[in-house]
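Chemist: what follows is a predicted protein model with its sequence.
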Amino acid sequence: MIPCRKMIPCRNMYSPLSLFSSALLLLSSISSASVDTKPQTLVVDTFSVTKGNRVPYGWRPSRNDISMFSVKQENQNSFTRIFTKGGCTSLGKLFRFSAQQYPHLSWKWRINQLPDGGNETRKDKNDSGASVYIVFKGNFKLNNILKYVWSSSLQVGTVISSPYNKNAKIIVLRSGNEETGKWVSERVDIRADYKRLFGKEPPPVEGIAILSDSDNTNSIASADYDDFEVKAMN
């Protein structure tokens, strides 16, 4: 989903033949979530077993350069941090579940620095301080994608198609610097958002990815991520 190499601009990050899509296949040996017993909550990751590592266990970067990733600990709580100067690399995790049975995704994130002038509507400014991707199953890797972002400039509630891929829908949850340095909790209804933006019931979810990038603005982006869970309908 999100290949971002030195010689490949980040505009290709939504390519159906991307490294992240390939990573989902490579990670197929990792146990995925089972909904047979229908627990109320499926824990995607709390990053509690990987403190001190650069890449959290079970996640795969979309390129070889992993210098921008680290698992940090603060007040006895572990989380993943992305810090990049003009870079663009995602972390993806294979995590399969039914969005119809488990429509609610929750997580925490914290902005440390937003990319200067980031604007997800423009190809030449398409950087996000923080973003969470939901990758749905698709034929021949033509996956539909929901991307929830913390934008530098777009108004909260903005919904657009990616300027690079019509199959990727961007939803702005947070914007600007007002909450910089504060943990913010999110809860989204991925089933409702998928139906609203794609006009049909969602197929199964294949994986989840996180990205903070600043390659188009050639600036700094830094954000922390924690406590990813999916929950059943009430």
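Modeler: All right, it came through fine.

Chemist: which residues of the protein score low on pLDDT?
Modeler: Scanning the chain for pLDDT under 70 picks out 1-37, 51-52.

Chemist: for it, which segments count as helices?
Modeler: 19-26, 190-198 (DSSP state H).

Chemist: give me the residues contacting the last one.
Modeler: If I follow you right, that is helix 190-198. For helix 190-198, the external contacting residues (CB atoms under 8 Å, 6 or more residues apart in numbering) are 99-100, 103-105, 134, 136, 144, 146, 159, 169, 171, 200-202, 205. To be clear about C-beta, it is placed using only N, CA and C from the backbone, and glycine gets the same treatment.

Chemist: can we see that at 6 Å?
Modeler: 99-100, 103, 105, 134, 144, 146, 169, 202 (CB atoms under 6 Å, 6 or more residues apart in numbering).

Chemist: okay, buried residues for that helix please.
Modeler: Neighbour-count burial for helix 190-198 flags 190-191, 193-195 (criterion: 16 or more other CB atoms under 10 Å).

Chemist: same check on stretch 95-110?
Modeler: Quick answer for stretch 95-110 (16+ other CB under 10 Å): 95-99, 102-105, 107-110.

Chemist: do the same with stretch 224-232
Modeler: So for stretch 224-232, counting by 16+ other CB under 10 Å, buried means 224-230, 232.

Chemist: centre of the chain to that stretch, how far?
Modeler: 11 Å (CA atoms, centre = their mean, to the nearest Å).

Chemist: equivalent analysis for stretch 170-179, please.
Modeler: Taking mean C-alpha positions (CA atoms, centre = their mean), stretch 170-179 and its chain are 14 Å apart.

Chemist: would you mind measuring the gap between the ends of stretch 54-67?
Modeler: 8 Å (CA to CA, to the nearest Å).

Chemist: count of neighbours near the nearest residue to Gly92 once chain neighbours are set aside?
Modeler: Residue nearest to Gly92 in three dimensions, not counting chain neighbours: Ala209, with 3.9 Å by CB to CB, 6 or more residues apart in numbering. By other CB atoms under 10 Å, 23 other residues sit near Ala209.

Chemist: what's the closest residue to Asn167 other than its chain neighbours in contact with, if anything?
Modeler: Take Asn167 and drop its neighbours on the chain: the residue closest to it by CB to CB, 6+ apart is Asn144, 5.0 Å away. Neighbouring residues of Asn144 by CB under 6 Å, 6+ apart: 136, 167, 198.

Chemist: gap between Asn144 and Gly207?
Modeler: 13 Å (CB to CB, to the nearest Å).

Chemist: kindly report the same for Val135.
Modeler: Distance from Val135 to Gly207, by CB to CB: 5 Å.

Chemist: related to what we said a few turns ago, for the buried residues of stretch 95-110, work out which two are farthest apart.
Modeler: Across the buried residues of stretch 95-110, the longest distance by CB to CB is 29.6 Å; it joins Ser98 and Arg110.

Chemist: re the thing from before, show me the buried residues of stretch 95-110 that map onto strands.
Modeler: Counted as lying in strands by DSSP state E, out of those, are 95-97, 104-105, 107-110.

Chemist: in CSV: those, plus distance to Arg122.
Modeler: Listed next are these as CSV, based on distance: CB to CB, whole Å:
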residue, distance to Arg122
Phe95, 31
Arg96, 34
Phe97, 33
His104, 31
Leu105, 27
Trp107, 26
Lys108, 28
Trp109, 23
Arg110, 25
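
Chemist: between the residues you listed, which is nearest Lys85?
Modeler: Using CB to CB, those come closest to Lys85 at Arg110, 18.7 Å.
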